[in-house]
Every structure is written in structure tokens, then in C-alpha cells.
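[1] need a 3D model of the following:
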Amino acid sequence: MMFRRSAARTASPSRSPFRMRTVAFAVVAAAFLSPAAVFAERPTAVIPKQTIYPGETLDESLVEVVDVTNPNLMDGYVQSIEEIEGKVTKRTLLPGRVILASALRDQYAVERGSTVRLIFNNGALTITAAGSPLQDAAVGDLIRARNVDTGVIVSGTVMADGTIHVVAK
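    This next block holds a predicted model:
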């Protein structure tokens, strides 16, 4: 004799493990692709409120943060206020245009022609002298400077306190 399963006992397609996984995946995908999640991840850009000329120091009052709506905008632009704090412009920045990171530089720690202290360290030996930088430079830059007393030109690294640590030849 053959037995036949009743309709109530057959496994319904809606309860199969494959079907359950598919529904779970769809729910998770919908959560990630919800409009609120897409809006929260929209990139931002920093733009000037007014024309900013070369050599001006940027601060929060001169710029505003906006959402980027152009999907074709290439990377390399400033995306947050923290990236511009204390930076100086290298070229004119126009209102409503993104600020490129390459248009900004750090403030100079030493300026060409000023008087600075040259420091040379070699073990326990420390020599200091008055010097004059031959170029503008920010902290960490390797520059050349002239010893005011002897006229000798040396190379050194600009430090945060405005001194130049001379490198040995």
C-alpha cells in the first residue's frame, strides 16, 4: 500500500531554510539602503563664503560645509572644517567652489630674511649660532640658512619653536 502525505504536512515553500535566508537578506539589504542611511553617508565639502586671497589664514568664519551633490566630483577637496583650521591659502579661493587641499599650506614657522637660532647637535656637543633662513618654511621642512657670523650656508630642519636644527654633512 502507498501512502500519500496530506497537504497540511507538506513543507510549504515559505518556511524552507532557503526562503528564510532570502527574506532575511532582503530585510538587511533594505535597512542598509534606506533613504536615511544613504543621506547620512553623503559626502560634504568645504566652500568659501567670500573671496579669499593668497596668504590669508583660514578659519571657520570664512567657510561653510555643504553636501556634495555632484557624483562626478573628484577627490582632493577639503571635506571638513578640521582640515582647514590654521592653514594659509596659496591661491585665490572663490565663493561657492570647493577648496582643493593643494591650494592650502601650513603656516610658516620661519620667514626668509628673519633672524633664527641655528642648533647643531652631535652627541654631547651642542653649537648654537644666529642664522638667517634663505626661504620661508613650515615646521618639518628642510631648508638652507646662512650663519650670520661666518656667512656659511647650512641645511637644517625647521622645528616648532622656530629654530633650525642643522644636519651634519
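[2] pull the longest strand from the protein.
    Longest strand in the chain, counting residues (DSSP state E): strand 125-133.
[3] could you check how far it is from the centre of its chain?
    Taking C-alpha atoms, centre = their mean, to the nearest Å, one finds strand 125-133 lying 34 Å from the centre of the chain it belongs to.
[4] before we move on, what about stretch 100-119?
    From the chain centre to the centre of stretch 100-119 is a distance of 19 Å (C-alpha atoms, centre = their mean).
[5] quick one: contacts of the longest strand of the chain?
    Residues external to strand 125-133 that are found in contact with it (C-beta atoms under 8 Å, 6 or more residues apart in numbering): 110-120, 143-150, 154, 164. Glycine gets a C-beta too; all of them are placed from N, C-alpha and C.
[6] give the contact list for the residue most central in space within the chain.
    Taking C-alpha atoms, centre = their mean, the centroid of the chain lies closest to E83, which sits 5.3 Å from it. By C-beta under 8 Å, 6+ apart, the contact set of E83 is V46, A101.
[7] and it, what pLDDT?
    At E83, the predicted lDDT confidence score is 90.
[8] for it, phi and psi?
    The phi/psi pair for E83 (degrees, to the nearest 10) reads phi -70, psi -20.
[9] before we move on, the earlier item: in the longest strand of the chain, what's buried?
    Buried residues in strand 125-133, defined by neighbour count with 16 or more other C-beta atoms under 10 Å: A129, G131, S132, P133.
[10] ends of stretch 66-82, what's the gap?
    Counting by C-alpha to C-alpha, to the nearest Å, you get 14 Å between the two ends of stretch 66-82.
[11] hmm, who's touching that stretch?
    Stretch 66-82 has contacts (C-beta under 8 Å, 6+ apart) with 42-47, 60, 63, 65, 84, 98-102, 104.
[12] so for it, what gets flagged as buried?
    Here stretch 66-82 shows Y77, V78, Q79 as buried, counting by 16+ other C-beta under 10 Å.
[13] do I have it right that I47 meets L62?
    No - the pair I47 and L62 fails to qualify as a contact (C-beta atoms under 8 Å) at a distance of 10.2 Å.
[14] could you point out the helix or strand that follows the lowest-mean-pLDDT helix or strand in the chain?
    Using mean pLDDT, DSSP states H and E, helix 35-40 stands out as the lowest-scoring helix or strand of the chain, at a mean of 52. Next helix or strand after helix 35-40 toward the C-terminus (DSSP states H and E): strand 44-48.
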